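# no sequence for this one, just the structure:
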């Protein structure tokens with residue numbers, strides 16, 4: 001699967017490698033024992049426990065919406081950083097229905113999935129395309145969309161925390177930054193480091209749901225960041241019609257053609 005750090009896919013790239021980690025750690029007991037204290041000092045157990053609680057809270061949600069404001073940094077060849085703001089609105093009904101509206105100054109895309117067909121619609125261009133008979137739950141849909149078609153939806157890691165797809169072994173550093181307040185709610189701030197990326201999460205103390213995420217890419221000297229603020233509605237309910245695409249008047253259907261480069265990246269960067 002392609003790992004796009006700018007859209008907060010934090011852990012999926014290493015999920016296959018994580019299975020072999022314990023065996024590798026046993027290859028040289030003397031060296032492991034010497035380095036263990038230093039490695040352990042970089043991992044705060046309270047920060048890892050907070051992630052586990054967050055994963056449980058996310059898995060317990062059956063129907064919800066998220067309204068997220070985002071800021072993405074793009075680095076020019078001159079090294080200058082340019083910021084683009086955006087908006088992402090998710091409507092989700094487990095186990096197999098979603099609607100996503102992604103807006104920015106550059107584009108607007110809507111994604112409809114009714115448990116069977118995935119449709120992508122461009123309101124500005126009035127074009128839409130469909131991938132028929134996907135027939136998968138949401139996690140399998142997200143993986144299939146990325147691996148088979150090069151389609152990356154924002155914030156999809158929220159569907160994988162607390163599942164077998166995410167391993168704590170990928171985290172090289174974890175720390176508790178401290179308490180804070182976001183939108184008058186009490187939150188706890190945590191910081192983590194993985195291969196090639198630093199990321200921070202602010203978790204609501206009452207709900208254990210993430211309310212802010214900041215991702216810093218380390219393999220670019222300019223260290224561009226992606227920021228998302230998440231506003232949750234866990235009492236939202238939706239009719240099935242919300243997730244089923246109905247072509248507006250004047251809209252035109254086009255054939256879906258996967259991006260070969262996106263698929264090549266997915267095969268080369270993930271498992």
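Looks like it arrived, so ask away. Just so you know, these numbers come straight off a predicted model, no measurement behind them. Residues are numbered from 1 along each chain as shown.

# state the distance from residue 139 to residue 160.
Note on residue 139: its distance to residue 160, by CB to CB, to the nearest Å, is 7 Å. The way it works is simple: take the backbone N, C-alpha and C, and place the C-beta from them, glycine included.

# show me which of the two is the more surrounded one.
Relative neighbour count places residue 160 above the other of residue 139 and residue 160, with 21 against 15, counting by other CB atoms under 10 Å.

# buried residues in the helix ranked longest in the chain?
Under DSSP state H, the helix in the chain containing the largest number of residues is helix 45-60. Buried residues in helix 45-60, defined by neighbour count with 16 or more other CB atoms under 10 Å: 47, 50, 51, 54, 55, 57, 58.

# closest to residue 176 out of the residues you listed?
The closest of these to residue 176 turns out to be residue 47 (CB to CB; 5.2 Å).

# so the following helix or strand past the longest helix of the chain versus helix 45-60, what angle?
Downstream of helix 45-60, the first helix or strand assigned by DSSP states H and E is strand 63-75. If you take axes from the mean of the first three to the mean of the last three CA atoms, to 10 degrees, strand 63-75 sits at 130 degrees to helix 45-60.

# circling back: list the helices and strands the longest helix of the chain packs on?
Packed against helix 45-60, as judged by 3 or more CB pairs under 8 Å, 6 or more residues apart in numbering; DSSP states H and E, are the following elements: strand 173-182, strand 185-194, strand 197-204.

# for residue 27, report the pLDDT, please.
The per-residue pLDDT reported for residue 27 equals 32.

# before we move on, the earlier item: most neighbours per residue, which of the helices and strands packed on helix 45-60?
With neighbours defined by mean count of other CB atoms under 10 Å, none of the helices and strands packed on helix 45-60 is more surrounded on average than strand 197-204, at a mean of 20.

# distance from the chain centre to it, please.
Average the C-alpha atoms of strand 197-204, do the same for its chain, and the two points are 12 Å apart (CA atoms, centre = their mean, to the nearest Å).

# which other residues reach that strand?
With CB atoms under 8 Å, 6 or more residues apart in numbering as the contact definition, strand 197-204 has outside contacts at 5, 8, 10, 50-51, 53-54, 177, 180, 182, 185-193, 209-218.

# appreciated, that's everything.
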